[in-house]
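Participant: quick one, fold the following:
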Amino acid sequence: MRYKARTALAALTLLATTFVGGTAHATPPGPGVTAKIIAQSTVGGTDYTLREITVPAGESTGWHYHDGPLYAVVKQGTLSHFDSTCASDGVYRAGSTIVEPSGSDHVHIGRNLGSAPLVLDVLYVLPHGAPFSEDAPNPGCSFQ
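Facilitator: Take a look at the predicted model:
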């Protein structure tokens, strides 16, 4: 996992220093959740987009999955990440990296259970034209 974390951080740094920012797109579901595009580029049939996502205290990203892998760095706060079994599959504090695999078999939710905003820098590696995330129903968990 240490290799993946270094790779994710290197990819975020490269994208942030190479490409120019683009127009904002839709934000992940959840009241008060905001996102802004820092950099965006398409190479071949793949879109590379770096976004900064802010999740207010007590809020979440909503249940979703991605059509391509996602690499993130927690800039501020703590991300509590849950999979479709309702189990926590990680708690990530400022400076931590996370890699999310693609596909509808990887439904998850990111929650901010802290008292301060959660800020993430997220690199999306998606098929050209794919949305940042695909909404998914709550898989039966007692939380949203």
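Participant: residues in contact with the most centrally placed residue in the chain?
Facilitator: Residue closest to the mean C-alpha point of the chain, counted by C-alpha atoms, centre = their mean, is V122 at 5.1 Å. V122 makes contacts with L50, R51, E52, I53, L70, Y71, A72, as judged by C-beta atoms under 8 Å, 6 or more residues apart in numbering. Every C-beta, even on glycine, is put in place using the N, C-alpha and C of the backbone.
Participant: kindly report the same for L126.
Facilitator: Contacts of L126 by C-beta under 8 Å, 6+ apart are T46, D47, T49, H66, D67, G68, F132.
Participant: what would those look like in JSON lines with neighbour count, pLDDT and secondary structure?
Facilitator: Shown next, in JSON lines, are the contacts of L126 (neighbours: other C-beta atoms under 10 Å; pLDDT from 0 to 100; DSSP: H, G, I helix; E, B strand; the rest coil):
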{"residue": "T46", "neighbour count": "14", "pLDDT": "98", "secondary structure": "strand"}
{"residue": "D47", "neighbour count": "18", "pLDDT": "98", "secondary structure": "strand"}
{"residue": "T49", "neighbour count": "20", "pLDDT": "98", "secondary structure": "strand"}
{"residue": "H66", "neighbour count": "22", "pLDDT": "97", "secondary structure": "coil"}
{"residue": "D67", "neighbour count": "18", "pLDDT": "98", "secondary structure": "coil"}
{"residue": "G68", "neighbour count": "17", "pLDDT": "98", "secondary structure": "coil"}
{"residue": "F132", "neighbour count": "22", "pLDDT": "96", "secondary structure": "coil"}
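Participant: show me which of the residues you listed is closest to V91.
Facilitator: If you rank the contacts of L126 by distance to V91 using C-beta to C-beta, H66 comes first, at 20.1 Å.
Participant: residues contacting the closest one?
Facilitator: Residues near H66 by C-beta under 8 Å, 6+ apart: E100, S102, G103, H106, Y124, L126, F132, S133, E134.
Participant: just want the phi and psi numbers for it.
Facilitator: Taking degrees, to the nearest 10, you get phi -120, psi 150 for the backbone angles of H66.
Participant: mind jotting down where the strands sit in the protein?
Facilitator: Along the chain, the segments classed as strands by DSSP state E run 34-43, 46-55, 64-65, 70-76, 78-83, 88-93, 97-100, 108-111, 118-127, 134-135.
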